[in-house]
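Visitor: need a 3D model of the following:
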Amino acid sequence: MLTLGLFLLALSLLILVHELGHFLPAKLFGMRVEKFYLFFDWPMKLWSWKRGGTEYGIGVLPLGGYVKIAGMVDESSLGKKAVLPSEPAPDEFRAKPLGQRALVIAGGPLMNILYAIGVLTVLFSINGVQRVPLFRWELGVEAVPLLGIQAGDRLLAVNGAPAYLDRVMAPDWLLASQPTLTLLRGTDTVQVILNEAQRDSLLHGYAQGKEIFTLRLPPIIEPLPGGPADKAGLKKGDKVLAINDTPVQSFSEMRAVISAAGGDSLRVLVQRARDTLAFSVGRDTAGRIQVFPVAELPQEVRKLSVEEAFVESFRQSYRLTVGNLKALFYLLTGKMRLSENVSGPIGIAKVAGRSYETGGWQSFWAFTAALSLILAVMNLLPIPLLDGGHLLFLGLEAVLRREPSYRMREVAQYVGLALILALMLFAFWNDLRRL
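Guide: Here you go, the predicted model:
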């Protein structure tokens with residue numbers, strides 16, 4: 001339920017931001033806005049209110065939203081006869097200069113970009129730039145058999161740049177021409193150059209929201225209050241030495257031993273200060289003892305002024321947008337598989353829930369900023385029905401010095417609708433296949 005609520009919150013917010021990007025310049029330029037809807041009011045609407053000639057409402061279909069501007073050929077025109085007058089009324093979209101119309105169309109994606117920069121500016125102003133340098137984490141990472149990475153390998157560099165946690169949590173490092181990891185294994189430096197199959201597999205994992213690189217954490221625990229470990233007498237700071245007489249060297253190993261063990265209770269051997277203590281610990285209905293790892297990760301924190309936070313947010317937004325464009329190019333050219341790297345609402349909802357669970361509200365807002373940039377890129381694709389498609393026709397009008405025919409635009413809208421519906425169905429199928 002939390003995941004669904006967070007997804008609807010993120011979706012509603014980004015739709016409102018996007019549609020405001022169309023609505024505000026349309027009003028500024030004196031265009032008549034007939035409707036402003038959060039979600040589609042087909043087959044029915046949940047609520048509506050009319051003011052100043054505009055109907056504001058909430059639809060029943062949570063797949064987007066729309067602003068209906070008088071005289072504009074869009075999805076609301078489909079299935080209707082061409083009744084556009086030869087001379088549009090002064091307050092219609094068609095009556096306005098080409099530049100104003102282009103700003104109204106581009107306003108949606110532009111607002112998505114501004115939203116991302118604004119959210120990241122606030123987060124950077126509050127927190128500064130906080131980074132976890134993996135090259136300083138002596139315990140290294142857990143094994144990644146696909147890449148030949150062994151438990152305890154320390155990740156030194158990614159594509160030649162120092163390895164930070166935020167760098168490996170985002171998939172854009174895989175879009176380099178030759179993705180390369182530099183590891184420290186004991187006293188040896190090892191380079192891992194990814195091949196196409198390895199890159200595809202990791203991209204698939206990122207698309208599913210999986211954690212690709214897991215930090216190797218010590219088996220030092222903090223019991224959840226009221227949980228089985230807490231009731232058995234374990235305390236924060238206890239170091240687990242063995243589970244059912246099986247020694248453990250990391251929190252991940254401890255979790256694996258607990259998962260593989262049978263029975264309703266476990267014999268847990270811990271070190272507390274200078275003492276070695278044994279406990280009989282029960283398990284919950286999911287087989288867990290309800291403990292969290294306790295580890296102080298190395299951090300680099302740099303406080304930022306508001307101006308510096310804005311510059312950093314712009315830099316991060318640019319990096320994410322370039323990564324999105326590269327990913328789109330790889331999808332279109334077949335370097336990335338659509339079946340493994342396209343997610344729909346279910347996949348996005350999972351990522352929204354996971355972002356909140358791992359980092360609270362700050363992580364959730366950062367997720368909405370990243371998603372807003374993705375929506376900006378997707379909406380600028382030159383597909384009829386999307387903003388990029390409308391801008392394409394405005395470009396044709398600028399070249400031809402006349403509006404493309406209504407019939408041409410209507411056919412294009414149907415083609416665009418078919419493409420978008422096909423992509424949505426494909427994304428839904430991908431989500432269901434991964435459940």
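Visitor: what part of this structure, helix or strand, is modelled with the least confidence?
Guide: Sorting the helices and strands of the chain by mean pLDDT, DSSP states H and E puts helix 338-341 at the bottom, at a mean of 70.
Visitor: tell me the spatial nearest neighbour of Tyr356, not counting adjacent residues.
Guide: Of all residues beyond its chain neighbours, the one nearest Tyr356 is Phe364 (4.5 Å), with distances taken as CB to CB, 6 or more residues apart in numbering. (Glycine included, C-beta is placed from N, CA and C.)
Visitor: one step back: list the helices and strands the helix or strand just after the least confident helix or strand of the chain packs on?
Guide: Later in the chain than helix 338-341, the nearest helix or strand by DSSP states H and E is helix 345-379. The contact analysis (3 or more CB pairs under 8 Å, 6 or more residues apart in numbering; DSSP states H and E) places helix 345-379 against helix 2-28, helix 98-127, helix 306-333, helix 406-434.
Visitor: flag every buried residue along the third one.
Guide: Of the residues in helix 306-333, those buried under the neighbour-count criterion (16 or more other CB atoms under 10 Å) are 308-310, 312-313, 316-317, 320-321, 323-324, 326-327, 330.
Visitor: for the longest one, same thing?
Guide: For helix 98-127, a neighbour-count test (16+ other CB under 10 Å) marks 100-125 as buried.
Visitor: also stretch 428-435?
Guide: If you call a residue buried by 16+ other CB under 10 Å, then stretch 428-435 has these buried ones: 430-431.
Visitor: with stretch 25-44 instead?
Guide: For stretch 25-44, the buried set under the neighbour-count rule, 16+ other CB under 10 Å, comprises 25-27, 29, 31-41.
Visitor: then stretch 131-143?
Guide: Within stretch 131-143, the residues that count as buried by 16+ other CB under 10 Å are 131-135, 137, 139-143.
Visitor: quick one, what contacts the residue nearest to Tyr356?
Guide: By CB atoms under 8 Å, 6 or more residues apart in numbering, the contact list for Phe364 reads 6, 10, 352, 355-356.
Visitor: where along the stretch 151-300 of the chain do the strands fall?
Guide: Along the stretch 151-300 of the chain, counting by DSSP state E, counting those that start in this stretch, strands occupy 154-158, 161-162, 180-185, 188-193, 221-223, 239-243, 246-247, 265-272, 275-282, 291-293, 300-302.
Visitor: output these as TSV; include the columns mean neighbour count.
Guide: Output for the strands of the stretch 151-300 of the chain, formatted as TSV (neighbours: other CB atoms under 10 Å):
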stretch	mean neighbour count
strand 154-158	21
strand 161-162	12
strand 180-185	18
strand 188-193	12
strand 221-223	20
strand 239-243	20
strand 246-247	14
strand 265-272	18
strand 275-282	14
strand 291-293	19
strand 300-302	11
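Visitor: redo those strands as JSON lines? Include distance to Leu202.
Guide: Shown next, in JSON lines, are the strands of the stretch 151-300 of the chain (distance: least, CB to CB, whole Å):
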{"stretch": "strand 154-158", "distance to Leu202": "12"}
{"stretch": "strand 161-162", "distance to Leu202": "18"}
{"stretch": "strand 180-185", "distance to Leu202": "11"}
{"stretch": "strand 188-193", "distance to Leu202": "11"}
{"stretch": "strand 221-223", "distance to Leu202": "30"}
{"stretch": "strand 239-243", "distance to Leu202": "31"}
{"stretch": "strand 246-247", "distance to Leu202": "31"}
{"stretch": "strand 265-272", "distance to Leu202": "34"}
{"stretch": "strand 275-282", "distance to Leu202": "36"}
{"stretch": "strand 291-293", "distance to Leu202": "24"}
{"stretch": "strand 300-302", "distance to Leu202": "25"}
